[in-house]
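> Here is a sequence together with a model predicted from it:
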Amino acid sequence: MATSLSSVIHISFVDTKTTRTRFSILKSHRKFFTISSKSTSNVPISETTPPNNNIKNSSLSDQLAPLANTTLPTLPENLPKVLSKPKPTWANPTKAKRHLLSQQRHKRSSVLYNPQMKEFQRFAQKLNNCDDSSEAEFMACLEEIPSSLTRENALLVLNSLKPWQKTHMFLNWIKNQDLLPMETMFYNVTMKSLRFGRQFGVIEELAHQMIDNGVELDNVTYSTIITCANKCNLFDKAEHWFERMYKTGLMPDEVTFSAILGVYARLGKVEVVISLFERGRATGWKPDLITCSVLGKMFGEAGDFYGIRYVLQEMKSLGLQPNLVVYNTLIEATGKAGKPGFARSLFEEMIDSGIAPNEKTLTAVIKIYGKARWSKDALEVWQRMKENGWPMDFILYNTLLNMCADVGLVEEAETLFRDMKQSEQCKPDSWSYTAMLNIYGSEGNVDKSIKLFEEMCKFGIELNVMGCTCLIQCLGKAMEIDALVRVFDIYVERGVKPDDKLCGCLLSVVSLSQGSKDQEKVLACLQRANPKLVAFIQLIVDEQTSFETVKEEFRGIMSNAVVEVRTPFCNCLIDICRNKDLLGRAHELLYLGSLYGFYPSLHHKSQYEWCLDVRRLSVGAALTALEEWMATLTKIVRREEALPDLFLAQTGTGAHKFAHGLNISFASHLRKLDAPFRQSEDKVGSFIATKDDLVSWVQSNSPASIAT
DNA sequence: AATAAGCACT
């Protein structure tokens, strides 16, 4: 019975009886499925998706697109209770069901006893030892092949050859010699070697050769092709061969099916994966650990914690106990989904179940604790690593260093760094040095930063833009401008290309070095990194420049910069203008920044309280925002419009390691404006005024005293 | 003869 692709998909859309019950596991998907089942009667799939009237001729991805376009919604907290009891009430034994995948795994043919095995093993060894780059030498070696090549021995040799070029050449040789009929297995073994070498082009060539010569493509062939395409990020190719398999009437077995799920998972098509997974489950398929791992990773990438819990529940109901790899994947995924507490309990559960963590487990856990700023937990794991002799490797060392940077453990980082230098296997590399530069930069330790940099140059450690940014930040804050320029020059000479973050860092040093000769030196560095930005600075500090021009150029500068630096850029530019007493320009820039949405949470209002939140602003931008606010409030008071009882300005506590004393500058500016705000007694970094305070302040002030 | 896991700059 040949099952065409379209009929498979058609079943998926109409045969809701088989799928509905399992879909009730995920409420939203049941809802989706009920709706999409109507698509066969030309009812739109959803408001946003046009009806697909052409199911027969569209590609698989087109047909599944409506699934892919919906993101997995947040699910209710009580979900696990529902998940833990999937009652299989869908079964309808009277009706033959068409399947999405074959329940039987492709069978391996048995290995025959082979008296010449040893001889051919030696031969393969000889072929492996000959020069990789010389085809002629390889062909010469082939002359010495022991006589009477059997299919078993051909497979043995194909299986042992590496790199892929040799496997490929040997396959071609067998074909050209015409000694043996070409079998599917010869191609499959060769493809495995080619996949290791990421040679998708050659694999595809062989697949076409098989088709042309009438050699059957089986599940092993397809799964190898698909996983290779996946590895090479050729997702359309993976889909193409998957579709071809269905079209030729071959059902994927569980390995191929798993490989297909892996492709959609890597594409982030969560809905497609869930749909295929559920449909497979509904027809009796039992997913294995590998499939669970694929799903877990996908949900992690999607930041979907409920999805991860869903995978865990599925495993539980299938009686699958996670192994080391699955635990590692799920721990990492949980971290990515922003649930460090859950990651920690998975980690402990894993150890309690008797599985010892490896380097990858510990890397994931340490990274999660560092990002969560859980220094206590991170240090505890580190302690256990030492006590239990848990494995350490190079990546784990660097992850530990990054964790130290995240939670501010300077001495511990120094100890680790020394350990690395003394070790044989894990000598510090550019990542390790960058982590240390980050640590010293954060605490403003100029001497140690410079010493580290000199060491990097001496040992020939690769310089990267992140290390440069850390150094520039550190030296800029300390106003060591000559050293800053020297460091910048060396990085540029060594071919490091400044990125937007480095430019932002230089820009902030420009604003800090206002009024000194040093500013020119920093501007010269910035000129090399981003000449347009320097031109823009010159434009805005010229009072003659019109607002229209500033507006136009501002747009250009900001759209060329990556999203993360746009707000800091705008902050620095405002600072530069304020430092030059160009208050009008500072207000224009703040206005433009607000217009482009760089300051989304600056104002919030309730019936009782209006709040100005300047916590993400630089000092200059915060003061500009304060002036703007006072001017607006003044207008409102004068017009006698409705006002709330309380006004609140928030600067934050300045407790963060990169805090710039915003609350202090803000308080002093309030005094300068003689504004009616008082520092809150129970909340540091909050400034409060009542409606009465404000009204009397406006009445006692002349309009001219407020900058607009 | 085929399927799953780790390194970065508030």
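Good, I have the coordinates.
> Just to check, A:Ile290 is in contact with A:Ser258?
Yes: A:Ile290 is in contact with A:Ser258 according to Cβ atoms under 8 Å; the separation is 5.7 Å. Backbone N, C-alpha and C define where each C-beta goes, glycine included.
> need the residues of the stretch 351-500 of chain A near DNA strand B, please.
Within the stretch 351-500 of chain A, the positions lying close to DNA strand B (Cβ under 7 Å from any atom of the strand) are A:358-361, A:363-364, A:367, A:393-396, A:398-399, A:402, A:405-406, A:430-431, A:434, A:438, A:442, A:464, A:466-467, A:469-470, A:499.
> Tell me which entries of these lie within helices.
A:359-361, A:363-364, A:367, A:394-396, A:398-399, A:402, A:405-406, A:430-431, A:434, A:438, A:442, A:466-467, A:469-470 (DSSP state H).
> name the helices or strands packed onto the helix or strand A:Ile260 falls within?
Here A:Ile260, judged by DSSP states H and E, is contained in helix A:254-266. Judged by 3 or more Cβ pairs under 8 Å, 6 or more residues apart in numbering; DSSP states H and E, the packing partners of helix A:254-266 are helix A:219-231, helix A:235-247, helix A:270-282, helix A:289-301.
> Find the residue ranges of chain A scoring beneath the pLDDT cut-off.
A:1-99, A:108-113, A:654-660, A:702-708 (pLDDT under 70).
> element containing A:Cys611?
strand A:609-613.
> likewise A:His604?
A:His604 belongs to strand A:603-605, assigned by DSSP H and E.
> Return the list of strands paired to that strand, each annotated with direction.
strand A:609-613 (antiparallel) (DSSP bridges).
> And the partner strand, what's buried?
A:Trp610, A:Cys611, A:Leu612, A:Asp613 (16 or more other Cβ atoms under 10 Å).
> residues in contact with the last one?
Residues touching A:Asp613, when contacts are defined by Cβ atoms under 8 Å, 6 or more residues apart in numbering, comprise A:Ser601, A:Leu602, A:His603, A:His604, A:Ala649, A:Gln650.
> Mind checking which of the ones in helices among the residues of the stretch 351-500 of chain A next to DNA strand B are buried?
A:359-361, A:363-364, A:367, A:394, A:396, A:398-399, A:402, A:405-406, A:431, A:434, A:438, A:442, A:466-467, A:469-470.
> one step back: export the helices and strands packed on helix A:254-266 to TSV and tack on mean neighbour count?
Shown next, in TSV, are those (neighbours: other Cβ atoms under 10 Å):
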stretch	mean neighbour count
helix A:219-231	24
helix A:235-247	19
helix A:270-282	23
helix A:289-301	23
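> In JSON lines, list these along with distance to A:Ser696.
Shown next, in JSON lines, are the helices and strands packed on helix A:254-266 (distance: least, Cβ to Cβ, whole Å):
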{"stretch": "helix A:219-231", "distance to A:Ser696": "70"}
{"stretch": "helix A:235-247", "distance to A:Ser696": "67"}
{"stretch": "helix A:270-282", "distance to A:Ser696": "58"}
{"stretch": "helix A:289-301", "distance to A:Ser696": "57"}
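> Same list (the ones you listed) but as JSON lines, adding distance to DNA strand B.
Shown next, in JSON lines, are these (distance: least, Cβ to the nearest atom of the strand, whole Å):
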{"stretch": "helix A:219-231", "distance to DNA strand B": "3"}
{"stretch": "helix A:235-247", "distance to DNA strand B": "11"}
{"stretch": "helix A:270-282", "distance to DNA strand B": "12"}
{"stretch": "helix A:289-301", "distance to DNA strand B": "4"}
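> Can you check which of these gets nearest to A:Phe459?
Nearest of those to A:Phe459, taken as Cβ to Cβ: helix A:219-231 at 34.4 Å.
> ok, back up a step: and the contacts of A:Asp613, which of them are buried?
A:Leu602, A:Ala649, A:Gln650.
> Among these, find me the one that's closest to A:Val263.
Nearest to A:Val263 among the buried ones among the contacts of A:Asp613, with distances taken as Cβ to Cβ, is A:Leu602, at 43.9 Å.
> Run through the residues that contact the closest one.
Contacts of A:Leu602 by Cβ under 8 Å, 6+ apart are A:Ser594, A:Leu612, A:Asp613, A:Val614, A:Leu617, A:Ala625.
> how close does the last one get to A:Lys672?
Summarising the geometry, the distance separating A:Ala625 from A:Lys672, computed by Cβ to Cβ, to the nearest Å, is 15 Å.
> next one: the fourth one
Shown here: A:Val614 relative to A:Lys672, a distance of 16 Å by Cβ to Cβ.
> picking up where we left off before, out of the contacts of A:Asp613, which comes closest to DNA strand B?
A:Ser601 (15.5 Å; Cβ to the nearest atom of the strand).
> Three-state assignment for the closest one, please.
Here A:Ser601 is coil, with the state taken from DSSP: H, G, I helix; E, B strand; the rest coil.
> Could you give the bridge partners of the closest residue to it other than its chain neighbours?
Distances taken as Cβ to Cβ, 6 or more residues apart in numbering place A:Asp613 nearest to A:Ser601, at 5.7 Å, with adjacent residues excluded. With DSSP bridges applied, A:Asp613 shows beta-bridge pairing to A:Gln650.
> quick one, what contacts the closest residue to DNA strand B within the stretch 501-650 of chain A?
Closest to DNA strand B within the stretch 501-650 of chain A is A:Lys501: 4.4 Å, counting by Cβ to the nearest atom of the strand. By Cβ under 8 Å, 6+ apart, the residues touching A:Lys501 are A:Val465, A:Thr469, A:Val562, A:Glu564, A:Val565.
> Surely the first one touches A:Asp500?
It refers to A:Val465. No: in this structure A:Val465 lies outside contact range of A:Asp500 using Cβ under 8 Å: 10.1 Å.
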